[in-house]
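Enquirer: sequence and predicted structure are below.
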Amino acid sequence: MGGMESGIQYWLGKKTTTEECRSLDVNELARDSVFRVGSKGVLYWWSVGETGTPSASIRFRVLCNHNQRFFQIHYRWNDTGNVSQSILLQTTRPNFGGIRWWFECPHVVRGDPCARRVGKLYLKNRFFACRNCHDLTYRSCQQSHRVKQLARRITERGLAQHRS
């Protein structure tokens, strides 16, 4: 059989983390005043510690159709073709004033749209979608579960030795 951590390592490797994916953060974009109708531009990502040329980019523009704002993005996916997505933008008015922006998750599963209101969308498997649709987890959750699993195994091992 495998070593003490073999099952945990398999379990930890099952889910992709949000930190491993490129993301669109509605709050960062709102701070840069991107959501004005007619805005267009390019978003860039750099690899960790990289300076100079970006590792990826996305063209965007903001459109209004029937009083709804859309964040339309265009990018190339792994040299396999161009991808376009239209993401509905929503707003809420917090109690303390101002406007809070949200993305509506554009992912569709078996004909049913997710339509979850989220602050971040993640790029995995060619399209941007929310964390739930991509079945993503946070690195900190994986680390927390690993510590709990190890603690339980150590406790179980200690109890087994104590019984012997």
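Expert: Yes, it's here. Numbering: from 1, shown residues only.
Enquirer: pull the contacting residues for the spatially most central residue of the chain.
Expert: The centre of the chain sits closest to residue 122, judged by C-alpha atoms, centre = their mean, with a distance of 3.0 Å. Counting by C-beta atoms under 8 Å, 6 or more residues apart in numbering, residue 122 touches 18, 21, 22, 23, 128, 129, 130, 131, 134, 136. Every C-beta, even on glycine, is put in place using the N, C-alpha and C of the backbone.
Enquirer: tell me which two of those residues sit farthest apart.
Expert: 22 and 130 (14.1 Å; C-beta to C-beta).
Enquirer: these two: which is more packed in?
Expert: residue 130 (21 against 15; other C-beta atoms under 10 Å).
Enquirer: residue 118 - how many residues pack around it?
Expert: As a measure of burial, residue 118 has 19 neighbours, counting by other C-beta under 10 Å.
Enquirer: what's the answer for residue 69, then?
Expert: For residue 69, using other C-beta under 10 Å, the count is 17.
Enquirer: what residues are bridge-paired with it?
Expert: When bridges are called by DSSP bridges, residue 69 pairs up with residue 64, residue 89.
Enquirer: can you start the count at 597 instead of 1 from here on
Expert: Fine by me, first position is 597 from now on; the one you just mentioned is residue 665.
Enquirer: what pLDDT does it get?
Expert: Predicted confidence (pLDDT) for residue 665: 95.
Enquirer: which ones are touching it?
Expert: Contacts of residue 665 (C-beta under 8 Å, 6+ apart): 631, 633, 658, 659, 684, 685.
Enquirer: could you chop the protein up by domain?
Expert: Domain segmentation of the chain under automatic domain parsing yields 597-613+733-760, 618-729.
Enquirer: hey, which of the ones you listed is tucked in deepest?
Expert: Counting by mean count of other C-beta atoms under 10 Å, domain 618-729 has the highest mean neighbour count of the domains of the chain, with a mean of 14.
Enquirer: I figured residue 640 hits residue 671, correct?
Expert: No - counting by C-beta atoms under 8 Å, residue 671 is not a contact partner of residue 640; they are 11.2 Å apart.
Enquirer: need the residues touching each of those two.
Expert: With C-beta under 8 Å, 6+ apart as the test, residue 640 and residue 671 both reach 652, 653.
Enquirer: re the thing from before, now do whatever helix or strand the residue nearest to the centre of the chain lives in, average pLDDT.
Expert: For residue 718, the enclosing helix or strand under DSSP states H and E is strand 716-720. Regarding strand 716-720, the rounded mean pLDDT is 92.
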